[in-house]
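S.K.: Sequence first, then the predicted structure:
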Amino acid sequence: MFAVVNIAGQQFKVSENSTYYVPKLSKEPNKNITFKEVLVLNDDKNIKIGSPLIKGAKVTAKVLEHLKDDKVIVFKKKRRKGYRKFNGHRQQLTKIEVTKIG
């Protein structure tokens with residue numbers, strides 16, 4: 001059983017009892033969160049495809065922790081000009097565990 005859910009503007013294919021890293025959410029750790037923007041729902045027998053959403057479907061998840069992703073290095077250089085720009089960025093993420101799809 002899986003579902004495709006819209007979380008913070010991105011689509012994730014989720015299944016029960018699995019953990020995922022999503023863009024940072026405003027919930028505190030150890031709290032439950034419900035996603036009501038379900039686009040596709042598969043229960044191993046039939047597939048429901050929303051247009052654009054499935055009415056009454058929701059995915060419940062538990063927020064495990066907030067963390068930062070690995071550093072992404074941005075390096076710019078123009079040869080023979082002495083121009084070098086070094087920058088970095090760490091994306092803030094939330095680790096969630098999907099508990100129920102329904």
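M.R.: Everything's here; your move.

S.K.: Most distant residue from the centre of the protein?
M.R.: residue 80 (42.2 Å; C-alpha atoms, centre = their mean).

S.K.: residue closest to the middle of this structure?
M.R.: residue 22 (2.8 Å).

S.K.: Tell me which residues touch that one, please.
M.R.: With contact taken as C-beta atoms under 8 Å, 6 or more residues apart in numbering, residue 22 is in contact with 7, 8, 10, 12, 93, 94, 96. C-beta here means a position set from N, CA and C on the backbone, and glycine is covered the same way.

S.K.: Pairing partners for the fourth one in the sheet, please.
M.R.: Taking DSSP bridges, one finds residue 5 as the beta-bridge partners of residue 12.

S.K.: so it makes contact with residue 19?
M.R.: No: if you go by C-beta atoms under 8 Å, residue 12 and residue 19 don't touch, sitting 11.6 Å apart.

S.K.: Between those two, which is the more surrounded one?
M.R.: Per other C-beta atoms under 10 Å, whichever of residue 12 and residue 19 has more neighbours is residue 12, with 18 against 12.

S.K.: Quick check, pLDDT for the more buried one.
M.R.: Per-residue pLDDT puts residue 12 at 97.

S.K.: for residue 44, same thing?
M.R.: Value listed for residue 44 in the pLDDT field: 88.

S.K.: Using the three-state scheme, assign it.
M.R.: Secondary structure assignment for residue 44 (DSSP: H, G, I helix; E, B strand; the rest coil): coil.

S.K.: Give me the neighbour count for the closest residue in space to it that isn't next to it in sequence.
M.R.: Nearest residue to residue 44, sequence neighbours excluded (C-beta to C-beta, 6 or more residues apart in numbering): residue 1, at 5.8 Å. Counted with other C-beta under 10 Å, residues neighbouring residue 1 total 12.
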